[in-house]
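Asks: Here is a sequence with its predicted model. Questions after.
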Amino acid sequence: MEARALAALGQRFECGRALFSAERTLDREPSQAPSPWVSPFDHASLAGEASQCMEQLWQLDAARRHSERVISLRSKGHVRSRAFSELRLANILVSQGEIDHACSIAANALASTAQLSSDRVCQLLHSLHAKLLPHAAAPGVDEAVGALSSALRARVPAPLPIDAARNPGP
């Protein structure tokens, strides 16, 4: 969390130091058994956080490596984690001018995440869609843009019951 805050402030060196410290902490043997109430935080989790930090700091090569590391460390059973990393990687690839590769990664992410409609997934889909739109005339990109558009329409989150009670609609 410290690294994320430092990245948001644009403090590259301090962010890198915080990420390095977190990695050293993960490498140490725990002094006690982890609580069953806490989700495990492992090297794949740290790589995901590092990718977000590096992308925010426009260190795209590092962000890409961290996203690829998450994908390599997470099994197919970690659908959300892999989806976040695949969609983040596709966004990074577009920023790096690797449009075809980004479309391929996006297709994989869409195929494996049809049931996911979290705000975070939708944000990453929106971001990727917006980045790909200027390239829609390129062969194959129009298909990716269309698939992203369909996915976004299908994933509009249902209003929470409390929202529905406040906003009964027409």
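Replies: Ah, there it is. Numbering: from 1, shown residues only.

Asks: Report the residue ranges of every domain in the chain.
Replies: 1-28+40-73, 82-157 (automatic domain parsing).

Asks: Adding mean neighbour count, distance to residue 34 and mean pLDDT, write the ones you listed out as a markdown table.
Replies: For the C-beta atoms, the positions are set from N, CA and C on the backbone; glycine is no exception. Formatted as a markdown table, these follow (neighbours: other C-beta atoms under 10 Å; distance: least, C-beta to C-beta, whole Å; pLDDT from 0 to 100):
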| stretch | mean neighbour count | distance to residue 34 | mean pLDDT |
| --- | --- | --- | --- |
| domain 1-28+40-73 | 17 | 7 | 95 |
| domain 82-157 | 18 | 22 | 89 |
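
Asks: Which of the three states applies to residue 76?
Replies: coil (DSSP: H, G, I helix; E, B strand; the rest coil).

Asks: Near it, how many other residues are there?
Replies: 7 (other C-beta atoms under 10 Å).

Asks: which ones are touching it?
Replies: Applying C-beta atoms under 8 Å, 6 or more residues apart in numbering, one finds that residue 76 lies in contact with 82, 112.

Asks: Identify the residues contacting the helix or strand encompassing residue 120?
Replies: Using DSSP states H and E, the element containing residue 120 is helix 119-132. Helix 119-132 is touched from outside by 80, 83-84, 87-88, 90-91, 94-95, 99, 102-103, 106, 113, 141, 144-145, 148-149, 151-152, 155, 157, with contacts defined as C-beta under 8 Å, 6+ apart.

Asks: which stretches of this protein form helices?
Replies: 2-8, 12-27, 43-56, 60-73, 79-95, 99-112, 119-132, 141-154, 161-166 (DSSP state H).

Asks: now the ones you listed as JSON lines including distance to residue 35?
Replies: Below are those laid out as JSON lines (distance: least, C-beta to C-beta, whole Å):
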{"stretch": "helix 2-8", "distance to residue 35": "21"}
{"stretch": "helix 12-27", "distance to residue 35": "16"}
{"stretch": "helix 43-56", "distance to residue 35": "16"}
{"stretch": "helix 60-73", "distance to residue 35": "22"}
{"stretch": "helix 79-95", "distance to residue 35": "20"}
{"stretch": "helix 99-112", "distance to residue 35": "30"}
{"stretch": "helix 119-132", "distance to residue 35": "24"}
{"stretch": "helix 141-154", "distance to residue 35": "36"}
{"stretch": "helix 161-166", "distance to residue 35": "31"}
